[in-house]
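Enquirer: just a sequence and a predicted model for now, questions to come.
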Amino acid sequence: MSPQPPPPPDWRLLGFSLLVGSFCFALESAAQGNSATDALNVLLIIVDDLRPSLGCYGDKLVRSPNIDQLASHSILFQNAFAQQAVCAPSRVSFLTGRRPDTTRLYDFNSYWRVHSGNFSTIPQYFKENGYVTMSVGKVFHPGISSNHSDDSPYSWSFPPYHPSSEKYENTKEFQKLYPLENITLAPDPQVPDGLPPVAYNPWMDIREREDVQALNISVPYGPIPVDFQRKIRQSYFASVSYLDTQVGHLLSALDDLHLTSNTIIAFTSDHGWALGEHGEWAKYSNFDITTRVPLMFYVPGKTAPLPGAGEKLFPYQDPFDPTSESMDPGGHVTDLVELVSLFPTLAGLAGLQVPPWCPIPSFHVELCREGQNLQRHLQLHDLEEDPHFLGNPRESIAYSQYPRPADSPQWNSDKPSLKDIKIMGYSIRTIDYRYTVWVGFNPAEFLANFSDIHAGELYFVDSDPLQDHNIYNDSQHRDLPHSLKP
């Protein structure tokens, strides 16, 4: 379908990308461009590197009153997982609704439309269905993985905008919210018992920083000194609060423009972030700490009542105000869900036809999806309409994967180029356990060999919620690898 003319000027598309150190906030917006009076705008907020360290997720230290306020009017997913814990592969995965083994992007060095298939994207699908789509900040990962154009002109009605953010890198004001004496350390700073070397993330990019190099830490397992750990964690939490203020300004502007009654808001992150858990930093692994992300949906009149005349749903909250308190989510879902579900869910919530399930293989199919429609979890959907719905919460599953160049930590273990990938770690997360197998991988043919098992991990949620004791070698679960294929 050809794009329709732009909508009347009742909707101003706003967004920005703000960096604080290595932490950035990004947003993607799509505005309705048809004449249907009940059509809804869609505002998708994508944060970079944000784990669920938020008040609405039960964090007692982090001050995030504006995101908590959004959660209070939303349905919040407690157990949402990214499909690969690194930026470009994760973003391409959920923006196309395809898993990394379908996009064939495990690094930063290829463009999926050329490399694997001319797959549609969330904004492209909305654009082709009469929406005006605009992007500001980091939506697609910049560089080759988005054709040096943020996937323009396919995905966007106008060229994406990237505001400068360097001036915010050394902002220290928000660190005052987190005095170092109040900063706790990771509850499990040791490398997990029985962790195979292939599974360890040696956080090489963190080691390249001059201040970390000056610590003379042994590679790959040497721990960062405790005082420096506190400074890292302080800076991360300060970044979260800074991000929260920007989300607050954005949502307040939505109120001012009288758009909260006809705008769907989705909030998520591309992956999590380790802050010393398992002796690791950054991302680059299959642990919950790096794959679990915040995810919430606000649907006007559904997840929260429509605002009354002159009422503001999202008045700005100052994190420095001691009277501002975290708010409980309007509702929450504990079932495990995946970010590949963003595409079908947003389409369904906006009243568009939900793309069909992908056949296997689907490289020749431009429009299909590999994730479930989460509308059923929002109680906005007839369960019987989706034959793939798993009615038993114990059957909900989330998949993730991560590549490695070798069986032991290398200089490029965290971000191997495609040609260097020799092993792929496939991980399945259920409500009861996380099970991972590291198997041989042929990068020339994009094939995993599940009969070539290099190592494995098994953690039970009830007895080991932090995933600190790998009991794979004590288990009899040798038949599980074949169930890891999504």
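Expert: Alright, I've got the coordinates.
Enquirer: please enumerate the helices of this protein.
Expert: 65-72, 87-96, 100-103, 112-115, 122-128, 204-207, 210-213, 226-256, 288-291, 342-349 (DSSP state H).
Enquirer: and of the ones you listed, who's closest to residue 197?
Expert: Closest approach to residue 197 among these is made by helix 204-207 (14.5 Å; C-beta to C-beta). Placement of C-beta: from N, CA and C, glycine included.
Enquirer: gap between that closest one and the chain center?
Expert: Chain-centre distance of helix 204-207: 21 Å, with C-alpha atoms, centre = their mean, to the nearest Å.
Enquirer: so which elements touch it?
Expert: strand 281-282 (3 or more C-beta pairs under 8 Å, 6 or more residues apart in numbering; DSSP states H and E).
Enquirer: need the helices of the chain in TSV with mean neighbour count, can you?
Expert: Listed next are the helices of the chain as TSV, based on neighbours: other C-beta atoms under 10 Å:
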stretch	mean neighbour count
helix 65-72	26
helix 87-96	26
helix 100-103	25
helix 112-115	17
helix 122-128	23
helix 204-207	17
helix 210-213	11
helix 226-256	20
helix 288-291	26
helix 342-349	24
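Enquirer: could those go into CSV alongside mean pLDDT and distance to residue 451?
Expert: Putting these into CSV (pLDDT from 0 to 100; distance: least, C-beta to C-beta, whole Å) gives the following:
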stretch, mean pLDDT, distance to residue 451
helix 65-72, 96, 45
helix 87-96, 97, 25
helix 100-103, 98, 17
helix 112-115, 96, 27
helix 122-128, 95, 36
helix 204-207, 93, 31
helix 210-213, 94, 40
helix 226-256, 94, 41
helix 288-291, 98, 25
helix 342-349, 96, 33
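Enquirer: among those, which is nearest residue 467?
Expert: It's helix 288-291; of the helices of the chain, that one is closest to residue 467 (C-beta to C-beta) at 6.2 Å.
Enquirer: can you give the distance of the closest one from its chain's centre?
Expert: Using C-alpha atoms, centre = their mean, the offset of helix 288-291 from its chain centre is 10 Å.
Enquirer: give the other helices and strands that that helix contacts.
Expert: Using 3+ C-beta pairs under 8 Å, 6+ apart, helix 288-291 is in contact with strand 423-429.
Enquirer: just list what the strand it packs on packs against, helices and strands only.
Expert: helix 288-291, strand 398-404, strand 433-442, strand 447-460.
Enquirer: rerun at 7 Å
Expert: Strand 423-429 sits against strand 398-404, strand 433-442, strand 447-460, with contacts defined as 3 or more C-beta pairs under 7 Å, 6 or more residues apart in numbering; DSSP states H and E.
Enquirer: nearest approach to residue 46 belongs to which of the helices of the chain?
Expert: helix 87-96 (7.4 Å).
Enquirer: list the contacts of that closest one.
Expert: Residues from elsewhere that reach helix 87-96, judged by C-beta atoms under 7 Å, 6 or more residues apart in numbering: 48, 82-84, 99-100, 103, 105-106, 108, 112, 119-122, 140-141, 145, 270-271, 339-340, 342.
Enquirer: check contacts around the residue lying closest to residue 473 once chain neighbours are set aside.
Expert: Leaving aside its sequence neighbours, residue 473 sits nearest to residue 194 (C-beta to C-beta, 6 or more residues apart in numbering; 6.6 Å). By C-beta under 7 Å, 6+ apart, the contact list for residue 194 reads 469-470, 473.
Enquirer: identify the residue spatially nearest to the residue nearest the centre of the chain, adjacent ones excluded.
Expert: For the chain, the residue nearest the mean C-alpha position is residue 270 (2.6 Å; C-alpha atoms, centre = their mean). Using C-beta to C-beta, 6+ apart and skipping residues adjacent in sequence, the residue nearest residue 270 is residue 90, 4.4 Å away.
Enquirer: go on, residue 295?
Expert: Distances taken as C-beta to C-beta, 6+ apart place residue 80 nearest to residue 295, at 3.7 Å, with adjacent residues excluded.
Enquirer: model confidence score at that neighbour, please.
Expert: Listed pLDDT for residue 80 reads 98.
Enquirer: quick check: it vs residue 361, distance?
Expert: With the distance defined as C-beta to C-beta, to the nearest Å, residue 80 ends up 26 Å from residue 361.
Enquirer: neighbour-wise, which of those two wins?
Expert: Each of residue 80 and residue 361 has its neighbours counted (other C-beta atoms under 10 Å); residue 80 has more, 25 against 10.
Enquirer: on that earlier part again, and which of the contacts of residue 194 is nearest residue 126?
Expert: residue 470 (42.8 Å).
Enquirer: quick one on the thing from earlier: tell me the one of the contacts of residue 194 nearest residue 62?
Expert: Among the contacts of residue 194, residue 469 lies closest to residue 62 (C-beta to C-beta), at 27.3 Å.
Enquirer: who are the contact partners of the closest one?
Expert: 192-194, 459.
Enquirer: how many neighbours does residue 157 have?
Expert: 20.
Enquirer: and it, how far is that from residue 72?
Expert: Applying C-beta to C-beta to residue 157 and residue 72 gives a distance of 32 Å.
Enquirer: what's the pLDDT at residue 326?
Expert: Reported pLDDT for residue 326: 66.
Enquirer: likewise for the one 3 residues further on?
Expert: According to the per-residue confidence, residue 329 scores 76 in pLDDT.
Enquirer: and the pLDDT at the nearest residue to it once chain neighbours are set aside?
Expert: Distances taken as C-beta to C-beta, 6+ apart place residue 76 nearest to residue 329, at 3.8 Å, with adjacent residues excluded. For residue 76, the pLDDT comes out at 96.
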